[in-house]
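Peer 1: I need the structure of the sequence given here:
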Amino acid sequence: MRLNEPLRVVIGSGGSPHNKGWLHTEEAELNLLREEDWSRKFSADSLEAILAEHVWEHLTYEEGIQAAKTCYPYLAAGGYIRCAVPDGFFPDEAYQNIVQIGGPGPLDHPAASHRIVHTYITLQKMFTAAGYQVKLLEYCDESGRFHDVPWDECGGFIYRSKRFDHRNADGKLGFVSLIADAVKL
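Peer 2: Next up, the predicted model:
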């Protein structure tokens, strides 16, 4: 059944208690690389927002572009994908070991299926190639310096962020994400 009212959708929600009122989905029902999943569930221009917290790193760069293009027709004008991924420029060796391509070790570790570690440069290029305008919300630059702008968690709550991750305490960043809004023009 296709839904016609403006919606907010969480991709790969993993049972998250956050983002109440959003439609929570998993890969088996809504695959970013299968357009038929999207056309079966949504109408063109019917989505206000798509939230993907630590999903896009499980795609190659080329698959990331394809996934962004899959979402595009279903977003209303001004709609966006709020995307959070591990940050390739975060200057912490233990963090980089965990988020690396293929993960840190055992095949059952969630990071074992990481296929890319994005930086703000690659993430911007990927979404721009799919036709979006990108607004960076949190990221590290090439020198490892952290940048952030105020963003509203009601527009898509990201736990693994400066404000909300429990590993960020006492003014020290322990775990951050590269977070961006990719906006459909």
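
Peer 1: buried residues in the lengthiest strand in the chain?
Peer 2: Assignment by DSSP state E gives strand 75-85 as the longest strand of the chain. By neighbour count on 16 or more other Cβ atoms under 10 Å, the buried set for strand 75-85 is Leu75, Gly79, Tyr80, Ile81, Arg82, Cys83, Ala84, Val85. All C-beta spots, glycine's among them, are computed from the backbone N, C-alpha and C.

Peer 1: What is that strand packed up against?
Peer 2: strand 47-53, helix 120-129, strand 132-140, strand 178-184 (3 or more Cβ pairs under 8 Å, 6 or more residues apart in numbering; DSSP states H and E).

Peer 1: Tell me which of these sits nearest to Pro106.
Peer 2: With respect to Pro106, and counting by Cβ to Cβ, the nearest of these is strand 47-53 at 22.4 Å.

Peer 1: Only alpha carbons, please: show the closest one as CSV.
Peer 2: C-alpha atoms of strand 47-53 as CSV (Å, rounded to 0.1, in the frame of the first residue of the first chain):
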residue,chain,number,x,y,z
LEU,A,47,8.5,12.5,1.8
GLU,A,48,9.5,15.4,4.0
ALA,A,49,12.7,13.8,5.4
ILE,A,50,14.7,10.6,5.3
LEU,A,51,17.0,9.8,8.2
ALA,A,52,20.0,7.5,7.8
GLU,A,53,22.2,7.2,10.9
